[in-house]
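[1] one predicted model, sequence on top.
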Amino acid sequence: MSDTTISWLQELEERYGVGLHFSRRLAPLLDCLAEHSLGDSQRAALFAAIAASYRSTLSDEPRTPQLDEVRMLVAQFITELRKMEESLKVLGTMLHRVREQMAPSTLPRILH
């Protein structure tokens with residue numbers, strides 16, 4: 001493994017969060033690419049693609065009951081937040097109507 005490849009592997013881990021167990025499998029490919037002079041934008045695009053593929057493998061991990069429970073609780077929390085948002089919209093509309101009704105009338109009053 002070349003020094004460039006080793007520094008790339010470190011950058012993938014530190015900057016992009018790619019685990020070494022994943023990126024080490026790509027070492028032969030990275031060695032080949034290290035021989036060519038990649039521009040900064042090309043290298044960033046390559047690293048972003050590697051990071052995206054790494055994140056996609058994380059979803060293949062077995063699901064735990066705790067994770068399922070957390071997801072369910074978050075989904076319920078989001079549902080409650082949406083209900084509260086709707087209630088606030090209705091309350092805002094009602095307050096607007098009350099404010100319009102309580103505004104002083106612009107019609108002249110006849111006093112006898």
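    Okay, I see it.
[2] tell me, how many neighbours does Leu30 end up with?
    Neighbourhood size, Leu30 [other Cβ atoms under 10 Å]: 20. Every C-beta, even on glycine, is put in place using the N, C-alpha and C of the backbone.
[3] thought it was touching Glu11?
    No. Shown here, Leu30 and Glu11 do not form a contact pair, counting by Cβ atoms under 8 Å, at 10.6 Å.
[4] could you measure from Ile6 over to Arg97?
    Using Cβ to Cβ, to the nearest Å, we find Ile6 at a distance of 68 Å from Arg97.
[5] cool, Arg15 as well?
    Arg15 is 54 Å from Arg97, by Cβ to Cβ.
[6] show me the shaky parts of this protein.
    59-63, 105-107, 109, 111-112 (pLDDT under 70).
[7] show me which residues of the top helix by length along it are buried.
    Looking across the chain with DSSP state H, the single longest helix is helix 65-102. Within helix 65-102, no residue is scored as buried using 16 or more other Cβ atoms under 10 Å.
[8] same for it, what does it pack against?
    Judged by 3 or more Cβ pairs under 8 Å, 6 or more residues apart in numbering; DSSP states H and E, helix 65-102 is in contact with no other helix or strand.
[9] would you map out the domains in the chain?
    If you go by automatic domain parsing, the domain ranges for the chain are 3-58, 62-103.
[10] put together CSV for those, with distance to Ile110 on each row.
    Below are the domains of the chain laid out as CSV (distance: least, Cβ to Cβ, whole Å):
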stretch, distance to Ile110
domain 3-58, 75
domain 62-103, 20
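[11] near Gln10, how many other residues are there?
    12.
[12] an error on my part: the question was meant for Gly17.
    If we define neighbours as other Cβ under 10 Å, then Gly17 has 11 of them.
[13] just checking, it touches Ala51?
    Yes. Taking Cβ under 8 Å as the definition, Gly17 is a contact partner of Ala51 at 6.7 Å.
[14] find residues that contact each of these two.
    Contact with both Gly17 and Ala51 is made by no residue, according to Cβ atoms under 8 Å, 6 or more residues apart in numbering.
[15] returning to what we had before: now the longest helix of the chain: how far from the chain's centre is it?
    Taking Cα atoms, centre = their mean, to the nearest Å, one finds the center of helix 65-102 at 22 Å from the center of the full chain.
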